[in-house]
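Q: Sequence and predicted structure are below.
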Amino acid sequence: MRRSLILKHVPHEGPGRITQALERAGFTSEIRELWQGEAVPDSLRGYDALVVMGGPMGVSDVEGHEFPFLAREVELLKSAVATDFPTLGVCLGAQLLAHAAGARVYPTTLGEPPQTLREVGWGAIHFVASAEDEPVLAGLNAAETVFHWHGDTFDLPAGAVLLASTLPCENQMFRLGRRQFGLQFHVEVESSEIDVWLEADAAYVRGALGTSGRARVSADTARFMPRYRESGNLLLANLVARWT
């Protein structure tokens, strides 16, 4: 069987439905709990796919000492970029992939003068490519409601193809090479995981959405999750199919 390597940064941001999609495609998954001190491998030898998950840290922390695994991840991603190794980066993972490919990563801002923005909760995403040109989008609507949880964004890496945008954050999904994808939104989550995030990062939610934000996200989750489970599973299946 093919082997996937999953790099996890915090206990409550796991691969969720990504693991299920990999299993359906014939992959086994090895999860490295970086937050517990498990090591980033020196190379991708012996693996057939790489998945880099999200977390509250950022590319701005790569040069610091609090999260020493980040610099090692960037080096691993640079080697993946050089060989078009099958790779999926989610949120922080997408930002690290963009950084490894030479792109700038920075806080999201909106308006004039620019104000920092956290994109948190449910919102529409617009696919800017057709399924004919990008098979990974086959079966999806031109716009879908997805789950967001980020404050940083990035420039599109050189040679990358933009696949999806939101109004406040243009670069939401991209393809690099043939088999590498970065997603700012969280395609992997289930309702129970969102509940955990709302508890673990309550201050982050208040900062983004105000005191009623948590209740709003919970209500929106009940409304949007059934379709998101369907569209997310489809997107993941399409993506993993590019690796087989």
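A: Structure's in. What do you need? Residues are numbered from 1 along each chain as shown.

Q: which residues of this structure fall in strands?
A: With DSSP state E as the criterion, the chain has strands at 2-8, 27-33, 49-52, 87-90, 105-107, 109-110, 115-116, 119-127, 143-150, 152-154, 161-165, 173-176, 180-183.

Q: gap between the third one and the chain center?
A: When C-alpha coordinates are averaged (CA atoms, centre = their mean, to the nearest Å), strand 49-52 and its chain have centres 11 Å apart.

Q: residues in contact with that strand?
A: The contact list for strand 49-52 (CB atoms under 8 Å, 6 or more residues apart in numbering) reads 2-7, 15, 18, 22, 27, 29, 44, 73, 76-77, 80, 85-90, 92-93, 96-97, 240, 243. Placement of C-beta: from N, CA and C, glycine included.

Q: OK, contacts around Gly89?
A: 51-52, 77, 95-98, 181-183.

Q: quick one: which of those has the most company?
A: Each of those was scored by neighbours using other CB atoms under 10 Å; the highest score is Leu97's, at 32 neighbours.

Q: Look up the closest residue to it, ignoring the ones flanking it.
A: Gly89 (3.8 Å; CB to CB, 6 or more residues apart in numbering).

Q: ditto for Leu209
A: Closest to Leu209 by CB to CB, 6+ apart is Val120, at 5.9 Å.

Q: Looking at the one you found now. What's its pLDDT?
A: Turning to Val120, the model gives it a pLDDT of 96.

Q: Please report how far it lies from Arg216.
A: 10 Å (CB to CB, to the nearest Å).

Q: Between the contacts of Gly89, which sits nearest Val62?
A: Closest approach to Val62 among the contacts of Gly89 (CB to CB): Leu96, at 8.1 Å.

Q: my guess is the closest one contacts Val59, does it?
A: Yes - using CB atoms under 8 Å, Leu96 is in contact with Val59, at 6.4 Å.

Q: Tell me how far the top helix by length along the chain lies from the chain's centre.
A: Longest helix in the chain, counting residues (DSSP state H): helix 213-241. Relative to its parent chain, helix 213-241 has a centroid offset of 14 Å by CA atoms, centre = their mean.

Q: I'd like to check the angle between that helix and strand 143-150, please.
A: 110 degrees (axes from the mean of the first three to the mean of the last three CA atoms, to 10 degrees).

Q: For helix 213-241, the averaged confidence score.
A: 97.

Q: Over to stretch 182-202?
A: In the prediction, stretch 182-202 has an average pLDDT of 95.

Q: Give me the buried positions along it.
A: Within stretch 182-202, the residues scored as buried using 16 or more other CB atoms under 10 Å are 182-189, 193-194, 197-198, 201.

Q: Output that stretch as CSV, nothing but the C-alphas.
A: Below are the C-alpha coordinates for stretch 182-202, written out as CSV (Å, rounded to 0.1, in the frame of the first residue of the first chain):
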residue,chain,number,x,y,z
GLY,A,182,-2.7,24.5,-0.9
LEU,A,183,-6.1,25.1,0.7
GLN,A,184,-6.7,28.0,3.1
PHE,A,185,-10.1,26.7,4.2
HIS,A,186,-10.6,23.6,6.3
VAL,A,187,-12.0,20.8,4.2
GLU,A,188,-11.2,18.2,6.8
VAL,A,189,-13.4,19.3,9.7
GLU,A,190,-16.5,17.6,11.2
SER,A,191,-19.0,19.4,13.5
SER,A,192,-17.5,17.8,16.6
GLU,A,193,-14.1,19.2,15.7
ILE,A,194,-15.5,22.7,15.2
ASP,A,195,-17.0,22.5,18.7
VAL,A,196,-13.6,21.8,20.1
TRP,A,197,-12.0,24.7,18.1
LEU,A,198,-14.6,27.1,19.4
GLU,A,199,-13.8,26.1,23.0
ALA,A,200,-10.0,25.9,22.5
ASP,A,201,-9.7,29.3,20.7
ALA,A,202,-12.6,31.2,22.2
